[in-house]
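# output the structure for:
(one chain, ligands or ions: 1)
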Amino acid sequence: MKFNPVIEHLKTYEPGKPIELVVREFGIEPEEIVKLASNENPYGCSPRASKAVRESAHLMYRYPDDTMDELKSALADRFGVEKSNLIIGAGSDQVIELACRAKLYGGAKTLQSEITFAMYQIYAAQCGASVIKSPGVAHDLDAMFALYREHKPEIVFVCAPNNPTGDCLDAVDIENFVDTIDRDTLVVLDGAYQEYAAYKDPRKALDPFALVSKYPHLLYLGTFSKAYGLGGMRIGYGIADESIIKGLYKLRPPFNVTTLSLVAAVEALKDEEFVQMSLKSCFEEMEAYEAFARKFGIEVIKSYTNFITFMLDGVADSGSLCDALLRRGIIVRDLKGYGINAMRITIGKPEENIRFFETMQQLLESGVK
Ligand SMILES: *Cc1c(COP(=O)(O)O)cnc(C)c1O
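Numbering: from 1, shown residues only. Prediction:
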């Protein structure tokens with residue numbers, strides 16, 4: 001079958017390995033598997049959210065409320081924006097996709113940091129755009145600005161905190177950068193881990209209301225997949241000036257978010273206690289990862305997220321190490337595909353982290369290279 005030439009050259013995205021695959025391939029019991037690969041909340045989601053979903057299960061025969069009014073009101077309250085500043089997506093992924101389709105075409109350009117969320121490039125490539133990358137492990141805003149001036153891309157992506165490295169730009173530097181970008185260029189500011197960053201360091205906290213009020217070319221993204229623990233429900237949001245939201249709405253498929261996802265998100269937002277517990281545990285446990293890394297001479301990137309990145313140069317090959325962990329039932333993310341010898345580990349519950357430390361120690365001491 002001949003496809004649209006743009007599609008011929010695309011690679012299929014490889015998500016983190018699901019537990020089911022490790023069960024099938026290595027015959028490990030599901031209870032024995034520790035999944036620290038997809039930045040999920042190890043505590044699950046708010047019990048209020050799962051209860052509300054169970055109690056709403058009888059509604060699944062109906063199409064969802066496509067105005068998404070209840071969730072939009074809750075988000076509008078949370079951020080101090082208007083409902084007209086909001087779009088809800090099947091994950092913030094879908095909002096990225098809509099933004100790409102709204103701005104890009106064959107021959108268009110996007111700009112991003114070299115090592116950042118893979119979906120920016122994938123959706124851009126699907127639209128036939130080419131992707132300009134500023135070099136380096138962290139976002140280098142000066143280099144990005146130089147490339148911006150040279151190439152005049154249609155979209156600039158900034159991920160704060162950044163996935164898969166965990167580091168985070170200061171809010172003031174992001175704002176100064178956004179200010180220098182032409183109002184015709186869309187700046188997508190991805191705040192998937194903002195709850196974590198804001199908890200750890202107020203200098204990293206972004207205020208979507210202030211940003212969107214000031215910058216008509218800014219699209220802020222948030223998600224329920226990380227701190228709120230609803231990755232399986234596929235629900236996220238974009239906040240922007242009404243003119244951007246209107247553009248995205250022209251492309252949005254109707255009923256793009258399910259009835260039960262909407263219910264879950266509304267309830268999850270009401271349970272701040274659950275989120276606070278998750279954030280606190282994450283950073284307490286992260287200290288154990290930092291101590292482990294120090295003990296084994298592994299360099300870590302300071303993380304403002306629910307994962308930590310181990311830089312493995314001089315220690316081991318990330319591919320061999322991730323593979324050996326997988327055979328022992330521990331799923332982490334190899335970052336070889338991003339061009340760095342590193343692994344990304346989602347911070348789990350204490351007992352999961354201990355399994356990781358014990359297994360890693362055995363592997364490193366047995367000389368896995
Ligand atoms: C997880 C993640 C998202 C979005 O995830 P969804 O599940 O689609 O909401 C977006 N950006 C980054 C950087 C992420 O890590």
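# for the residue nearest to Gln194 when sequence neighbours are not counted, give me its contacts.
In space, and not counting its chain neighbours, Gln194 is closest to Leu206: 5.8 Å by Cβ to Cβ, 6 or more residues apart in numbering. To be clear about C-beta, it is placed using only N, CA and C from the backbone, and glycine gets the same treatment. Shown in contact with Leu206 (Cβ atoms under 8 Å, 6 or more residues apart in numbering): 160, 171, 174, 189, 191, 194, 198, 220.
# can you rerun that using 7 Å?
By Cβ atoms under 7 Å, 6 or more residues apart in numbering, Leu206 lies in contact with 160, 171, 174, 189, 191, 194.
# ok, now how distant is it from Val81?
Using Cβ to Cβ, to the nearest Å, one obtains 13 Å as the distance from Leu206 to Val81.
# now do Tyr199
Between Tyr199 and Val81 the computed distance is 21 Å (Cβ to Cβ).
# count of residues packed around the nearest residue to Arg327 once chain neighbours are set aside?
Counting by Cβ to Cβ, 6+ apart, Phe26 is the residue found nearest to Arg327 once chain neighbours are left out, at 5.9 Å. Using other Cβ atoms under 10 Å, Phe26 has 13 other residues around it.
# what do you get for the one 3 residues further on?
By the other Cβ under 10 Å criterion, the neighbourhood of Glu29 contains 8 residues.
# contacts only, for it.
Residues near Glu29 by Cβ under 7 Å, 6+ apart: none.
# report pLDDT for it.
If you check Glu29, the pLDDT there is 89.
# need the contacts of Leu206 in a markdown table (columns: distance to the ligand, pLDDT and neighbour count).
Shown next, in a markdown table, are the contacts of Leu206 (distance: Cβ to the nearest ligand atom, whole Å; pLDDT from 0 to 100; neighbours: other Cβ atoms under 10 Å):
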| residue | distance to the ligand | pLDDT | neighbour count |
| --- | --- | --- | --- |
| Ala160 | 9 | 98 | 23 |
| Ala171 | 17 | 98 | 21 |
| Ile174 | 14 | 98 | 21 |
| Leu189 | 11 | 98 | 27 |
| Gly191 | 8 | 98 | 23 |
| Gln194 | 10 | 98 | 27 |
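# just to revisit the earlier point, need the per-residue pLDDT for the residue nearest to Gln194.
As predicted, Leu206 sits at a pLDDT of 98.
# would you agree it falls within a strand?
No: the assignment for Leu206, made by DSSP: H, G, I helix; E, B strand; the rest coil, is coil rather than a strand.
# what is the neighbour count of the residue of the chain found nearest the ligand?
The ligand sits closest to Gly91 of the chain, with a gap of 2.3 Å, by Cβ to the nearest ligand atom. Gly91: 23 surrounding residues under other Cβ under 10 Å.
# might one say that it is in contact with Phe224?
No: if you go by Cβ atoms under 7 Å, Gly91 and Phe224 don't touch, sitting 8.5 Å apart.
# show me what the helix or strand hosting Lys133 is packed against.
Assigned by DSSP states H and E, Lys133 belongs to strand 130-134. Using 3 or more Cβ pairs under 7 Å, 6 or more residues apart in numbering; DSSP states H and E, the elements in contact with strand 130-134 are strand 109-113, helix 118-126, helix 141-151.
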